[in-house]
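Asks: Turn this into a model:
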Amino acid sequence: MRKRMRLILCVGALLLAAAAVCIWYGRPMTLEEICPGMELEQCMGIKGSFSTDQDRGLENNLSVLPEDEAFSSLLERLQGQRFRRSPLWWMPRGTRTHRIDEGDFKWELSLAFEQVPLPDGSAGTGYMLHLNNFFGDLDLRFDGKTWPIRTADQERWLSDVMAQIADNH
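Replies: Numbering: from 1, shown residues only. Have a look, this model is predicted:
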């Protein structure tokens, strides 16, 4: 009986520790907190693509430079947002497909930087930070890692970013 109680307590402690790690890992963070060394103010340019249900699968490309009016407002939108990483980021997701319905849209943004300090001590240059909205599923890619992320009022935030991108296309 004692062994059984000890086993139950150990399993309970492990489950409690796993839940605490998941809560800590999934806490709201800015892009700069998720991607150490990355400072959005140092962004040199943004490129991306988007499509809507009206485009019938065709991609629209965009490029926004610091001297463009849209650059600072798009960067502010990214800086002011907090994201939650999924604690299940390590699980393979496979190929994603989506049947396009009225009002659907997707977009991808890639932000360029110079000499970003990376966790291994090296520095990276180029399009280092990538945000991908695949019809409501948001992913963040940085330094070879991809995380599914969520944000507060995600549907509205994704729509606001889409509107900003489409307006400046």
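
Asks: Run through the bridge partners of the residue most central in space within the chain.
Replies: Computing the C-alpha centroid of the chain and ranking residues by C-alpha atoms, centre = their mean puts Leu140 first, at 2.9 Å. When bridges are called by DSSP bridges, Leu140 pairs up with Leu131, Trp147.

Asks: gap between the one helix or strand in the chain whose mean pLDDT sits lowest and the chain center?
Replies: Ranked by mean pLDDT, DSSP states H and E, the weakest helix or strand in the chain is helix 2-25, scoring a mean of 77. Chain-centre distance of helix 2-25: 30 Å, with C-alpha atoms, centre = their mean, to the nearest Å.

Asks: what residues does that helix touch?
Replies: Residues outside helix 2-25 that contact it (C-beta atoms under 8 Å, 6 or more residues apart in numbering) are 85, 87. The C-beta positions use only the backbone N, C-alpha and C, and glycine is treated the same way.

Asks: start the count at 36, not 1, going forward
Replies: Done: numbering now begins at 36, and the last item shifts to helix 37-60.

Asks: Now do the following helix or strand past that helix: distance to the chain's middle.
Replies: Per DSSP states H and E, the first helix or strand lying C-terminal to helix 37-60 is helix 66-69. Offset of helix 66-69 from its chain centre (C-alpha atoms, centre = their mean): 10 Å.

Asks: Which elements pack onto helix 66-69?
Replies: Packing partners of helix 66-69 (3 or more C-beta pairs under 8 Å, 6 or more residues apart in numbering; DSSP states H and E): helix 104-114, strand 118-120, strand 172-177.

Asks: Perfect, that will be all.
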